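[1] Show me how the following folds:
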Amino acid sequence: MSESDVLVVVSKLKKYIKARAELNTSGDVAETLSGIVRGLCDKAIENAKNDGRKTVMDRDFAAICSSNSVN
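    Got it, this is the predicted structure:
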């Protein structure tokens, strides 16, 4: 998998933003958001490894989000 792969469903992202706020979505948003998701996944992977697990779980992301106030 390439570092430039988009990790979000662009059509759903655009639909959500349009429905939520009647705003359009720039083409660069998906790439930027994918970078953010990639970073969160890397941190969740580390959390799982530090716990001795081979499975990333929801709690790995919850720990990141609660410490960074990302909700």
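
[2] Go ahead and report the secondary structure state at Glu3.
    At Glu3 the chain is in coil, as set by DSSP: H, G, I helix; E, B strand; the rest coil.

[3] got the phi/psi numbers for it?
    phi -70, psi -20 (degrees, to the nearest 10).

[4] mind checking pLDDT for the nearest residue to Val10 once chain neighbours are set aside?
    In space, not counting the residues next to it along the chain, Val10 is nearest to Ala30; the distance is 4.7 Å by C-beta to C-beta, 6 or more residues apart in numbering. Backbone N, C-alpha and C define where each C-beta goes, glycine included. Listed pLDDT for Ala30 reads 95.

[5] Moving along the chain from whatever helix or strand Ala30 lives in, name the first helix or strand you hit.
    Secondary structure assignment for Ala30, by DSSP states H and E: helix 29-50. Next helix or strand after helix 29-50 toward the C-terminus (DSSP H and E): helix 58-68.

[6] Now do the contacts for the spatially most central residue of the chain.
    Closest residue to the average C-alpha location of the chain: Val37 at 2.6 Å, with C-alpha atoms, centre = their mean. With contacts defined as C-beta atoms under 8 Å, 6 or more residues apart in numbering, Val37 is in contact with Leu7, Val8.

[7] any idea how far Ser2 is from Glu31?
    Distance, Ser2 to Glu31, using C-beta to C-beta, to the nearest Å: 12 Å.

[8] Give me the more crowded residue out of those two.
    Shown here are Ser2 and Glu31; by other C-beta atoms under 10 Å, Glu31 has more neighbours (15 against 5).

[9] so what's that one up against?
    Ser4, Val6.

[10] Against Ser4, how distant is it?
    Relative to Ser4, and taking C-beta to C-beta, Glu31 is found at 7 Å.

[11] and what of Leu13?
    17 Å.

[12] quick one, which of these two is more surrounded?
    Leu13 (15 against 8).

[13] For this structure, give me the ranges with low pLDDT.
    Filtered on pLDDT under 70, the chain yields the residue ranges 69-71.

[14] now Arg53: how far from Ala44?
    Using C-beta to C-beta, we find Arg53 at a distance of 11 Å from Ala44.

[15] cool, Leu33 as well?
    Relative to Ala44, Leu33 is positioned 16 Å away (C-beta to C-beta).
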